[in-house]
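Chemist: Attaching a predicted model along with its sequence, questions to come.
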Amino acid sequence: MAALTRVSGSVGLISLLNPPVNALSAAVRQGIVDTVRRAVSDPQVKSVVICGQNGVFCGGADIKEFGGHMSGPPLVPIFNTIEAADKPVVAAIEGSALGGGLELALACHYRITQSKARLGLPEVSLGLLPAAGGTQRLPRLIGVPAALDLITTGRHLTGAEALKLGIVDQVTDQNTVEAAVKFALSIPSGCNICRLHLSERPGVMQRVKKSAHGAIAPVACVQAVQAAATLPFTQGMQREQELMATLFGSGQARALQYCFFSQRVVSKWSSPSGSRWDTSKPKPVTKVGVIGLGTMGRGITVALALAGLSVVAVETQQQQMMAAQHAVSGMLERTARRRGVSLVGDQIRYSVELEAVADVELVIEAVFEDMALKEKLFKQLSTLCKADTLLCSNTSSLDIDHLASQTHSPQLVVGMHFFAPAHVMKLLEVVYGPRSAPQAVATAMELGKRMGKVSVAVGNCSGFVGNRMLMPYVEEASFLVEEGASPEIVDRALEEFGFPMGVFRMSDLSGLDVGWKVRKARGLVEPGQMSRVRQGRRYSPLGDLLCEQGRFGQKTGRGWYLYDSAGSREAQPDPWLQSFLEEYRARQGLVSRRIDSQEVLERCLYALINEGFNILQEGIAAGPEDIDMIYVFGYGFPRHRGGPMFYASQVGLAQVLQRLEHYQQLHPDIPHLRPSSLLRRLVSSGSPRIQRWREIIRMPHSSL
Ligand SMILES: CCCCCC/C=C/CC(=O)SCCNC(=O)CCNC(=O)[C@H](O)C(C)(C)COP(=O)(O)OP(=O)(O)OC[C@H]1O[C@@H](n2cnc3c(N)ncnc32)[C@H](O)[C@@H]1OP(=O)(O)O
C-alpha cells in the first residue's frame, strides 16, 4: 500500500497507494513504516519525497476503521520516525492533505504543494482532534492563533493560503512531485518545525464553547493547542493523546462520522420506482431561468451565478425587479468579497417578460406560494419553453404531481426546494413525483451539487420531508406552552440540546404569519376562536391569536418574545405574553403545571422522529440518512447528534417507543404521538443498527 522507487539518482520516492483518497488504512501505515525504513537505511538515497498516487496526497486516517478494532502500526511513532530521519523528507502535496494526511506532511521537513490543493485538519468535524501530532506541530509552525483557527473550525485552505500562513515551503502550478524532487535534491538535511510563536489569543475558549453548541471536540482542540503553548513537545503529545482518548469512542464522534458518510450516501439516491443515481444520466445544464425574484428567487439566482451558470431572472413587476437587481448585485458583491473571488454578475440577464426563459434548459419557479398562481405559470412555461426543458418548483409544500399535471410533459417536472437564504443554506430537497423521469431527478441533483448543495431526493407529500416533520415538532411546542411551559423554557431546552435557536425564537425570526398562512390554507384557522380541537384533533390556536394581534415576530418587534424595535434580534421575555397565556389557560380550564426540559425534548423531538419513521415507512425518504441530512443541513439539528433518526438510534428505539406510548396515553387526541408502525417493527426486530434499517423497511410486512 506504499511503494518506494529511486528517482533522479538519489531521491527515494514513497507513493501512498490506496485509492480514491490514499486514506491511512492499516496497510498504508505498514507500507509507510516499511518504505521509510528502507529509504533511510539505503546509502544511495540522500533525500526522500512522499507523495500520493493519482493526484491525491492523502485524505487522512481511514474513517471506516474507526468503528471497529484498530490494528496495524499507530500513526504517532511513524510520524516521529519521519521527523527524526537524518535525511531530508519532503511532502509533495497534490489534491488533498487532510487530517492525518496533513499531519504526515507536518512531520516531513519540507512541504511543496500544488496551488489548488486542499489542506486542513478537519478532525473536529468528525468529533475528534488531530491526534497524530497536529495540535503540537501546527502551532509550533504557524503560531497558536492561526493553528487554533484551523484546528477548531476544521476549515480547508488552498495551497496558496497555506503558503501565506507558513504551512508549506513552496507552491507550484507545475508537476508537484517533480518540483518536490528538485527541491529535495537542493537541500541539506535538517528540519524546520521549531518556528516557535506560541502566544494565545485571550478569550478563545469562551468563544469556541459558545459557538460549539454543546459539541465537545472543539473544546478539546483548544485544550490540546493550549498544551502546545505551555508544555514541551513530548508532554504536549501526551496531552494530545489523553484528550483524543476522551473523544474517540464518544457518541458525538460516532454521530459526526455517521454524518460524514451519510452526506455521501444521500448523493446515491434511489426512488421507489426503481430509478437510481448510477443508472440515470443528468442532462447538461448551462442556462437556467428563475421566475419570481422575492427572497427565495434572489438567493437562487445568486447561488446559480456563483456556480458559474448563466441565469435568466424574471420578475414581472417592474418595481420588484429593480429592487431585486439591486439586492442580487449586493449579495454577489458581498459573497465575492468574502470568498476572495471575482464578481460573476454579468452572467445574469434580467427581464420582466416570461418569454425570456424560452431558450433555457431548466427553469426554477420561485413565485408566491399560491397553487392557482403556480398552476397558471406551469401551463405557460410548458407552452413557451423548449420541449425538453426541465420545469422545477421551489415550493416548500405544494403538490408537485399536481403542478406536473398542468404541463405537456409531467415527466420533466420536479421540486427543487431551497432553504432561505438560498445562496447560503446547504440543503436542497429534490422532490420527485410518481411521473418524474429519472433524468429529471438526476439533473436536479447534479445541479444542486454544482451549486454546492447537499441535495436529497425525496418523494412528493405535503411538506415533503423537512416541513412535514416540522409540523408535529412545532405543534408539540405550542401544546407544552398551553400546558404551562413558557416559550423561554421550551427554547432553552432545545438550545441546550444543540439547536442554534429554539422553536419560538426561530418562529419569531421567520415570521409567525408564514405558518398562519399555511394553516389558513388548510382550513384550520377560525378567526377569534379559541377552540382546541379542529379537524378532529388537538389544535393550539395560540399562534393564530398572536397573529390576530399583529404579532408576527421580529419584523413587528413582538411575537413569542418582545424586541427593542421592529427588526431587532434581541429576544426578551414579554410580560404581556405571560399574562395573555395565563388568561388563555384560565379561559380554557387548563391547569398550568411545571414542565421540565426532559419533557420538552421528548415531546418535541420524539414527535418529529415519529413522523420521520412514518416518512420512511411510506418510502418518501429512501433511508434514515436522507432525513438526517435534511435536518442537519436545513433545520439546524445539531450535527454532533447525527440528525433525528441517528439520535433516536442512540437513545434506543425501545426507549423512544415507550415514551411515545406514555405520552400518547396522556394525550390520546394528538395523533402524531401515536407510534409509527415502522418504529414498532424495528423494535420487534431487536432495534438493529441504523445502517440496517433500509433492509427492514424493504422487508415485506403486514400493516395489520
Ligand atoms: C486513539 C486512536 C487514534 C486514531 C487516530 C485517528 C486520527 C485521525 C485523523 C484523521 O485523519 S481523521 C480523517 C480526516 N480526514 C478527513 O476528514 C477527510 C475526509 N475526506 C474528504 O474530505 C473528502 O473525501 C476529500 C478527501 C476532500 C475528497 O473529496 P471528493 O469529493 O473528491 O471525494 P469523496 O466523495 O468525498 O470521497 C470519495 C470516497 O472516499 C471515501 N473517503 C474519503 N475520505 C476518506 C477517509 N479519510 N477515510 C475513509 N474513506 C474516505 C468517501 O467516503 C468516498 O467513498 P464512497 O464509497 O465513494 O462514497
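Modeler: Happy to help now that I have it.
Chemist: Quick check: chain neighbours aside, which residue is closest to the residue nearest the centre of the chain?
Modeler: With distances taken as CA atoms, centre = their mean, residue 633 lies nearest the centre of the chain, 3.6 Å away. Excluding its sequence neighbours, the residue lying closest to residue 633 (CB to CB, 6 or more residues apart in numbering) is residue 427, at 4.0 Å. Glycine gets a C-beta too; all of them are placed from N, C-alpha and C.
Chemist: Residue 411 now?
Modeler: Once flanking residues are discounted, residue 411 sits nearest to residue 437: 4.0 Å by CB to CB, 6+ apart.
Chemist: isn't the one you found right up against residue 413?
Modeler: No - Residue 437 is not in contact with residue 413 according to CB atoms under 8 Å; the separation is 9.3 Å.
Chemist: Compare these two (neighbour count), which wins?
Modeler: Shown here are residue 437 and residue 413; by other CB atoms under 10 Å, residue 413 has more neighbours (29 against 20).
Chemist: Please report how far that one lies from residue 459.
Modeler: Residue 413 sits 14 Å away from residue 459, going by CB to CB, to the nearest Å.
Chemist: can you check residue 44 too?
Modeler: Distance, residue 44 to residue 459, by CB to CB: 64 Å.
Chemist: pLDDT score for the closest residue to the ligand within the stretch 551-700 of the chain?
Modeler: The stretch 551-700 of the chain approaches the ligand most closely through residue 625 (11.7 Å), counting by CB to the nearest ligand atom. Reading off the confidence values, residue 625 has pLDDT 98.
Chemist: neighbours of it, just the number please.
Modeler: Using other CB under 10 Å, residue 625 has 27 other residues around it.
Chemist: and residue 583, what helix or strand is that in?
Modeler: According to DSSP states H and E, residue 583 maps onto helix 575-588.
Chemist: sorry, back to before: contacting residues around the residue nearest to residue 633?
Modeler: Residues near residue 427 by CB atoms under 8 Å, 6 or more residues apart in numbering: 418, 419, 453, 454, 456, 466, 629, 630, 633, 634.
Chemist: which SSE is residue 5 in?
Modeler: Assigned by DSSP H and E, residue 5 belongs to strand 2-7.
Chemist: in the helix holding residue 583, what counts as buried?
Modeler: Buried residues in helix 575-588, counting neighbours by 16 or more other CB atoms under 10 Å, are found at 577, 580, 581, 584, 585.
Chemist: Repeat that for stretch 446-460.
Modeler: Under the neighbour-count criterion of 16+ other CB under 10 Å, stretch 446-460 has 446-448, 450-451, 453-460 buried.
Chemist: That one spans what distance, first to last residue?
Modeler: Stretch 446-460 has an end-to-end distance of 19 Å (CA to CA, to the nearest Å).
Chemist: Please apply the same query to stretch 338-345.
Modeler: OK, stretch 338-345 end separation, CA to CA: 15 Å.
Chemist: again with stretch 380-399
Modeler: Across its full length, stretch 380-399 reaches 18 Å between end residues, using CA to CA.
Chemist: That stretch: how far from the chain's middle?
Modeler: 28 Å (CA atoms, centre = their mean, to the nearest Å).
Chemist: what does stretch 467-478 give?
Modeler: With CA atoms, centre = their mean, you get 21 Å for stretch 467-478.
Chemist: got the contact list for that stretch?
Modeler: Residues outside stretch 467-478 that contact it (CB under 8 Å, 6+ apart) are 396-397, 461-463, 490, 502-504, 507, 515, 540, 542-543, 600, 603-605, 607-608, 610-612, 615, 620, 627, 631, 635, 644, 670, 672.
Chemist: do that again at 6 Å, thanks
Modeler: Contact with stretch 467-478 is made by 396-397, 490, 503, 540, 542, 603-604, 607-608, 611-612, 672, as judged by CB atoms under 6 Å, 6 or more residues apart in numbering.
Chemist: Output stretch 130-140 in CSV with nothing but the alpha carbons.
Modeler: C-alpha atoms of stretch 130-140 as CSV (Å, rounded to 0.1, in the frame of the first residue of the first chain):
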residue,chain,number,x,y,z
PRO,A,130,-5.7,15.9,15.2
ALA,A,131,-4.1,13.4,17.4
ALA,A,132,-1.1,12.4,15.3
GLY,A,133,0.9,15.4,16.4
GLY,A,134,-1.2,18.0,14.5
THR,A,135,-2.1,20.0,17.6
GLN,A,136,1.5,20.2,18.6
ARG,A,137,3.3,20.6,15.3
LEU,A,138,1.0,23.1,13.6
PRO,A,139,1.1,25.8,16.4
ARG,A,140,4.9,25.4,16.5
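Chemist: If we ignore the residues flanking it in sequence, what's nearest whichever residue of the stretch 351-500 of the chain sits closest to the ligand?
Modeler: Of all residues in the stretch 351-500 of the chain, residue 449 sits closest to the ligand, at 9.9 Å by CB to the nearest ligand atom. Nearest non-adjacent residue to residue 449, counting by CB to CB, 6+ apart: residue 455, 6.1 Å away.
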